[in-house]
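# all I have is the shape, not the residue letters:
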Ligand code: DI6
Ligand code: FE
């Protein structure tokens, strides 16, 4: 297939957004075999069946690199409680929060977990998302952690989207281990990681390093196991306070550190040295009415790759719009639309360790989004409007 008369963005061309004004893309099977200025299209491709996109914007398919999109129930009641004055941490400490979603997730069947995730997945697909990362972490027992990961993997058999799964057994201690977080790590988290890995269900290992969750030394035990299994790590770090999770994760060569509201300049330096992506999650900042901003200026100063994701979860970020996450990153954190665009394409791919996505270039998977837009800045600019015109997944429209 040949796409003609396209405005290409996210190519390897120099200049803002990697823009190519009068571009063409050649797709063969599930791969991009050529992308560039139409005037330079090699003659061998001239006779291919062509789709004239009439100047529309063609970008890599978007990548949501941090979600908890598989979960049971919802937390609308907690939303009401927060509006009545309770804080997120107060609710968590009084048995609500993550633990209430754990109860709802344990009582759902795997089929039900899959079915309830699909409308949320469909919302992402409708916005041109072609790869989604999905975490476990609401089962917190061996069976339910595995059920979450299986449900996540089944999404890719049910919908045209690529799924990467992260094991997040170190998300919270379940009620039966309240106050016994070390025993939880030994008796549940590590055995669950081993079982999930043995079942081929884990692409990366994540953790929540926070006062209401796990300490750096506890996370280190989980990461030691990940390293022994040859799995890459990532971490929810410095979201509500500064515990030093970022520097710990960098010591394990983490793919990404995520949230980072309380990260410091030294953390940014450690991430730069380790090649770790900073994942910015403005939906959680917005929902929790956080006032501490992630240190974007320090991330820029250290030339860190920054990704932007929804953090889709029932508690702190019930958001299924990656375009809205881009808008929030720009408006709340003053990230430029160019940074937001790289954050849902190139840098999001890197946060997942994917070398074949996020860039519009020969050799990449043919995952593309075609927008009724003139410039990529439009993707971050509007609020609640979706300009997607067509989505191509693995070479198929
Ligand atoms: N950080 C978050 O913002 C979510 N998980 C995490 O580690 C919140 C999850 C929840 O409240 O259910
Ligand atoms: Fe999260």
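Great, that's in hand. Not measured: the values here are computed from a predicted model. Numbers count the residues shown, from 1 in each chain. Ligands and ions are numbered 1, 2, ... in the order given.

# which residue packs closest to whichever residue of the chain sits closest to ligand 1, ignoring adjacent ones?
The chain approaches ligand 1 most closely through residue 315 (2.3 Å), counting by Cβ to the nearest ligand atom. (Glycine included, C-beta is placed from N, CA and C.) Counting by Cβ to Cβ, 6 or more residues apart in numbering, residue 315 lies nearest to residue 75, which is 5.2 Å off, once chain neighbours are set aside.

# the one you found and residue 313 touch, don't they?
No - in this structure, residue 75 is not within contact of residue 313 by Cβ atoms under 8 Å, at 9.0 Å.

# what's the overlap in contacts for the two?
Residues touching both residue 75 and residue 313 by Cβ atoms under 8 Å, 6 or more residues apart in numbering: residue 101.

# quick check: closest non-adjacent residue to residue 386.
Per Cβ to Cβ, 6+ apart, closest to residue 386 is residue 127, 5.7 Å.

# right, and the one you found touches residue 325 too?
No - counting by Cβ under 8 Å, residue 127 sits too far from residue 325 to count as a contact (10.1 Å).

# near ligand 1, which residues of the chain are found?
97-98, 101, 171, 208, 236, 239, 284, 311, 313-316 (Cβ under 6 Å from any ligand atom).

# list the contacts for residue 206?
With Cβ under 8 Å, 6+ apart, residue 206 has these contacts: 135, 137, 166, 167, 168, 170, 171, 233, 234, 235, 236.

# want to try CSV for the residues you listed, with distance to residue 376 and secondary structure as columns?
Listed next are the contacts of residue 206 as CSV, based on distance: Cβ to Cβ, whole Å; DSSP: H, G, I helix; E, B strand; the rest coil:
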residue, distance to residue 376, secondary structure
135, 28, strand
137, 33, coil
166, 28, strand
167, 34, strand
168, 32, strand
170, 36, strand
171, 34, coil
233, 31, strand
234, 26, strand
235, 30, strand
236, 29, strand
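
# wait, which of those residues is closest to residue 216?
residue 235 (9.4 Å; Cβ to Cβ).

# any idea what the closest one is bridged to?
residue 257 (DSSP bridges).

# how many residues are close by the residue nearest to residue 386?
As a burial measure, residue 127 scores 22 neighbours (other Cβ atoms under 10 Å).

# measure residue 376 to residue 329 for me?
14 Å (Cβ to Cβ, to the nearest Å).

# the more surrounded of these two?
residue 329 (29 against 25).

# give me phi/psi at that one?
Here is the backbone geometry of residue 329 (degrees, to the nearest 10): phi -60, psi -40.

# mind listing what it touches?
So residue 329 contacts 280, 282, 308, 335, 339, 340, 343, 380 (Cβ under 8 Å, 6+ apart).

# same question for residue 74.
Counting by Cβ under 8 Å, 6+ apart, the residues that residue 74 touches are 314, 318.

# help me confirm that it is found in a strand?
No - applying DSSP: H, G, I helix; E, B strand; the rest coil, one finds residue 74 to be coil, outside a strand.

# wait, is residue 5 part of a helix?
No - when classified by three-state DSSP, residue 5 is found to be strand rather than part of a helix.

# for it, which non-adjacent residue is closest in space?
Nearest to residue 5 is residue 52, by Cβ to Cβ, 6+ apart, at 5.2 Å.

# okay, now that neighbour: neighbour count?
11.

# quick one, phi/psi of it?
According to degrees, to the nearest 10, residue 52 has phi -80, psi 110.

# and it, what are its bridge partners?
Assigned bridge partners for residue 52, using DSSP bridges, are residue 4.

# same thing with residue 396?
With DSSP bridges as the rule, residue 396 is bridged to residue 393.

# now residue 209
The partner residues for residue 209, given DSSP bridges, come to residue 214.

# and for stretch 190-200, what's in contact with it?
136, 139, 141-142, 145-146, 149-150, 167, 169, 202, 205, 221-222, 225-226, 229, 231.

# wait, which of the contacts of residue 206 is closest to residue 81?
For the contacts of residue 206, the nearest to residue 81 is residue 171 (20.8 Å; Cβ to Cβ).

# touching, the closest one and residue 144? I think so.
No - assessed by Cβ under 8 Å, residue 171 is found out of contact with residue 144, at 11.8 Å.

# so these two - more neighbours on which side?
residue 171 (27 against 22).

# so what's the residue count around the nearest residue to that one once chain neighbours are set aside?
Nearest residue to residue 171, sequence neighbours excluded (Cβ to Cβ, 6+ apart): residue 137, at 3.3 Å. Counted with other Cβ under 10 Å, residues neighbouring residue 137 total 27.

# can you pull the contacts of residue 137?
Here residue 137 is in contact with 68, 98, 145, 148, 168, 169, 170, 171, 172, 206, 208 (Cβ under 8 Å, 6+ apart).

# okay, now residue 76: neighbour count?
Neighbour tally, residue 76, other Cβ under 10 Å: 10.

# correction: the previous question concerned residue 49.
Neighbours around residue 49, by other Cβ under 10 Å: 6.

# let's see which of the contacts of residue 329 end up in strands.
Counted as lying in strands by DSSP state E, out of the contacts of residue 329, are 280, 308.

# how about the contacts of residue 329 in CSV, adding neighbour count and pLDDT?
CSV is the format used below for the contacts of residue 329 (neighbours: other Cβ atoms under 10 Å; pLDDT from 0 to 100):
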residue, neighbour count, pLDDT
280, 31, 98
282, 28, 98
308, 35, 99
335, 25, 98
339, 23, 98
340, 29, 98
343, 29, 98
380, 26, 98
